[in-house]
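Chemist: Show me how the following folds:
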Amino acid sequence: MNTKQNRRIAGVAAALLLAAAGVAIVSRTGNSAAASAPAPPDVEVAAVQQRDLPIERERIGTLDGMVNAAIKAQVSGYLLRQN
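Modeler: Numbers count the residues shown, from 1 in each chain. Now for the predicted structure:
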């Protein structure tokens, strides 16, 4: 009966040791995450001005006709000069 109690005490001690190690690891990772948080970004402040702005609309797109013709040169070669 003495050996059973020794094994039980050793098992409980080992479980407590593992639990303490787990708590220590978790507490260290929590502190390092909070310490390594990035600094807040700088914010630029501008004064408000009331004024009229022109309305501009820019759109990007392509157009295709119902029939598209391919335009090609009738001769081959290089253009050497233009008169």
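
Chemist: Show me where the protein has its helices.
Modeler: Counting by DSSP state H, the chain has these helices, from start to end: 2-35.

Chemist: give me the low-pLDDT residue ranges for it?
Modeler: Counting by pLDDT under 70, the chain has low-confidence residues at 1, 29-35.

Chemist: Now do the same contact list for the most centrally placed residue in it.
Modeler: Central residue of the chain (C-alpha atoms, centre = their mean): P38, 14.2 Å from the mean position. Applying C-beta atoms under 8 Å, 6 or more residues apart in numbering to P38 gives no contacts. Placement of C-beta: from N, CA and C, glycine included.

Chemist: For it, grab phi and psi.
Modeler: P38 adopts backbone torsions of phi -70, psi 150, taken as degrees, to the nearest 10.

Chemist: gap between I60 and V26?
Modeler: Distance, I60 to V26, using C-beta to C-beta, to the nearest Å: 53 Å.

Chemist: Neighbour count: the two, which is higher?
Modeler: Between I60 and V26, counted using other C-beta atoms under 10 Å, V26 has the larger neighbour count: 10 against 4.
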